[in-house]
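In: Turn this into a structure:
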Amino acid sequence: MNRLKSTLLIIILLTFGVILVRTAWVGDDVYITLRTVDNFVNGYGLNWNVAERVQSYTHPLWLLFLIPVYAASRDAYFSALFLSFLFTIATLLVVARQSNALPGLVILLLSKAFMDFSVSGLENPLTHFLLAVFVVQFFMKDDWNDRDILYLSLVAALTVLNRMDTALFFAPALLYLLFRRFSTQTFGRTTVRIIIGFSPFILWELFSIIYYGFPFPNTAYAKLGSGISHNALVAQGLVYYADSFTRDPITLTMLVAGLGLAFWKGTAKERLVAAGVVLYLLYIINIGGDFMSGRFFSAALLVCVLLLMRLLGSAAVQVRTALAVSAALLGFLAPYPTLLVRTNQAAFTDHDILIGINDERAFYYGKTGLLPIIETNGFSFVNRGWAEHGVVLRESGRTVVDEKNVGFTGFFAGPGVFIVDTYALCDPLLARLPALQQEKWRIGHFERAIPEGYIQTLKTGENQIKPASLALYYDKLALIVRGPIWSLDRLGAIWKMNTGQYNELLEK
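Out: Numbering: from 1, shown residues only. Below you'll find the predicted structure:
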C-alpha cells in the first residue's frame, strides 16, 4: 500500500509539472512590478517613473525576490517564471509531506484557480508557500512556546509583506495565541514575540512611509478611492464568485467543504484557520472581487485543502477515495478541465466583456505563454501588442505620455519615458481623484480624467494644473513623491497628507 501511495504521489507531482510547464504565462500586471525592478537594478530607485517615488506594486516581498534574480539574469520574463516554479514546487512538497496528501493534491491539480496562478509571474506562489508553512506549523502543536509563537508570527509577517490583505488569514489564529495568555504572566512576553516576529513588515512600513510617503501601495488608493459605491462593489464581488463557480466548480465547492468540515468536526485550531479564510472570502466580496477569474481564490483553496487533508486523515479509505473521485468529477465539469487544458482558447468572450472578468491565462497565453515564447524565440511577445508599443515609445523621443494597461508598455518603454497611468495604479495624483462616472466599469480598471494642465506640468516642471485648489494639492503631493526624502517640510506634508488635512483641496 505504501509503495502504491508513493507511486501515485510521484505520478500526480509529475502531472503537475507537465501541466504547469504547458500553461505557464505572464500578464500585464506582472510587468508593472518588473518596471520597478528594472529601474532599481539600473540605479533609479524603487520607482515606477524615475522622477517619482511611487509604490506601484502590491507585493513587496515578491519584488525583493525578483530583484536579485533579475539582476543576475537580466531577463524579466524568465525571472518571474523561475520564481513562480520555485515556490510552487516548494508548496507542493509541503503539501505532499502531509498525511492524506493524495486527495489534497488531486483537488489542487484540478483547480483552475490554483493551476492558472501557480506559474503566472504574480505573487500567488509565494503566498501559497508561506500560507502552507504557517498552517502546517500551526497544526503541529496544541500548546505553543515562545519560540513557536515567534516563528508563526514571522511566517505571517512575511506573507503579509508579500500581500497585505493576507493578514486576514492569520488574524484569528494570532489573536487566539495572544489572548489565551491574556490573564497570565506570559502575556507581555507573547506580545513581544509577536511584535518581533512582525518586525520585517513593521520595518517595511517605516520604509514605505519615509520613502514613498504612504503606508499602502498606490494601487490601494487607486482602487479603494474610485468613488464606486460600496453596494456596487459588493454586487460585483458576488458576480466574481458566480464566475468562478461557472468556470471552475471544484474550487468553490472544496472551499465550502473545507470550511464546513472545519466548523463541524474541527477543534479550535481548525476553526481558527477556517475563520481566517472566511474573513478573506468576505473581503473579496467587499472589494468587488477582481478582473482575473479565480486569482483571489487560490490561496483560500490551499488552506481549505489542508483542512480537508487534516480532518479526513483518520477517515476510512472509502471516504478519502470518495473525496478524490468527487474532486475528479467536479474538475471535469469545468468548461476547460486542467487535465485536458487547451492552450488555444479564445482570448475573451462577449460574456467576459459583459461582467468585466476574464480568463487571464487564455487572454495572454498566445503571446506570453512559456511554450509560445520558446517556439518563437520571444517574437510572440516582444513584437506584438503592448510590448511593441513600448519599444516604439522608447524610440520616439517622447518624454511624457498617458497610457492604459501600462505593464508591458512601461517596461519596454524604459526609464526615459514618463508614463501617466490613466487607471491610476501608478500615478499618485490620479489615484486620489474619483473615477470617471461610467454606466459600465470594470473592477480594477477605474479610469480617471487627466486634470487640465497635468501633462504640461509633468513636461515642464511648472505647475499648470487647474483648478487652483488641485494645483495646491499637487504641490503638497509632489513634495512627498519628488522632494528631498529627509526634508522637514516633506515629513510634515507626509503627516498632513496621511491624516487627511489636505483632503478639502480635492473637494473644491
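
In: so where is the stretch 1-150 of the chain shaky, pLDDT-wise?
Out: 1 (pLDDT under 70).

In: For it, just list every one of the helices.
Out: Using DSSP state H, counting those that start in this stretch, the helices of the stretch 1-150 of the chain run over 2-23, 28-41, 60-73, 76-96, 101-110, 112-116, 124-140, 146-162.

In: Could you give me the buried positions within stretch 94-102?
Out: Neighbour-count burial for stretch 94-102, counted by 16 or more other C-beta atoms under 10 Å, picks out 94, 95, 96, 98, 100, 101, 102. Glycine gets a C-beta too; all of them are placed from N, C-alpha and C.

In: ugh, wrong one, I meant stretch 467-479
Out: 470, 471, 473, 474, 476, 477, 478, 479.

In: The fifth one should be in a helix, yeah?
Out: Yes: secondary structure assignment places residue 476 in a helix (DSSP: H, G, I helix; E, B strand; the rest coil).

In: Tell me how far it lies from residue 153.
Out: For residue 476, the distance to residue 153 equals 36 Å [C-beta to C-beta, to the nearest Å].

In: try the third one
Out: In this view, residue 473 and residue 153 are 39 Å apart by C-beta to C-beta.

In: got it, and the first one?
Out: Distance, residue 470 to residue 153, using C-beta to C-beta: 43 Å.

In: for the last one, same thing?
Out: Between residue 479 and residue 153 the distance, using C-beta to C-beta, works out to 36 Å.

In: ok, residue 11 - how many residues close by?
Out: For residue 11, the neighbour count with other C-beta atoms under 10 Å is 10.

In: what do you get for residue 324?
Out: 17.

In: so where does it fall, helix or strand?
Out: helix 317-333 (DSSP states H and E).

In: tell me the angle that helix makes with helix 2-23.
Out: Counting by axes from the mean of the first three to the mean of the last three C-alpha atoms, to 10 degrees, helix 317-333 lies at 20 degrees to helix 2-23.

In: and after helix 317-333, which helix or strand comes next?
Out: helix 350-355.

In: What average pLDDT does that following helix get?
Out: Taken as a whole, helix 350-355 carries a mean pLDDT of 85.

In: which outside residues touch it?
Out: For helix 350-355, contacts defined as C-beta atoms under 8 Å, 6 or more residues apart in numbering pick out 239, 243, 358, 359.

In: and which of these is nearest to residue 217?
Out: Nearest to residue 217 out of the contacts of helix 350-355 is residue 358 (C-beta to C-beta; 22.3 Å).

In: Count the neighbours of that closest one for me.
Out: 22.

In: Please verify my assumption that it contacts residue 291.
Out: Yes: at 6.2 Å, residue 358 and residue 291 qualify as touching, with contact defined as C-beta atoms under 8 Å.

In: Using PDB, list the CA coordinates for stretch 434-451.
Out: What follows is stretch 434-451, C-alpha atoms only, in PDB (Å, rounded to 0.1, in the frame of the first residue of the first chain):
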ATOM      1  CA  PRO A 434     -12.600  59.800  -8.300                       C
ATOM      2  CA  ALA A 435     -13.000  57.600 -11.300                       C
ATOM      3  CA  LEU A 436     -14.900  58.800 -14.300                       C
ATOM      4  CA  GLN A 437     -18.600  58.200 -13.800                       C
ATOM      5  CA  GLN A 438     -19.400  55.400 -16.200                       C
ATOM      6  CA  GLU A 439     -22.500  53.300 -16.500                       C
ATOM      7  CA  LYS A 440     -20.300  50.300 -17.100                       C
ATOM      8  CA  TRP A 441     -17.000  49.900 -15.300                       C
ATOM      9  CA  ARG A 442     -14.500  47.100 -14.900                       C
ATOM     10  CA  ILE A 443     -13.200  46.100 -11.500                       C
ATOM     11  CA  GLY A 444      -9.600  47.200 -11.100                       C
ATOM     12  CA  HIS A 445      -9.800  49.500 -14.200                       C
ATOM     13  CA  PHE A 446     -11.200  52.700 -12.800                       C
ATOM     14  CA  GLU A 447     -10.200  55.300 -15.400                       C
ATOM     15  CA  ARG A 448      -9.600  58.900 -14.300                       C
ATOM     16  CA  ALA A 449      -9.800  62.100 -16.300                       C
ATOM     17  CA  ILE A 450      -6.500  63.800 -16.600                       C
ATOM     18  CA  PRO A 451      -6.700  67.200 -14.900                       C
END
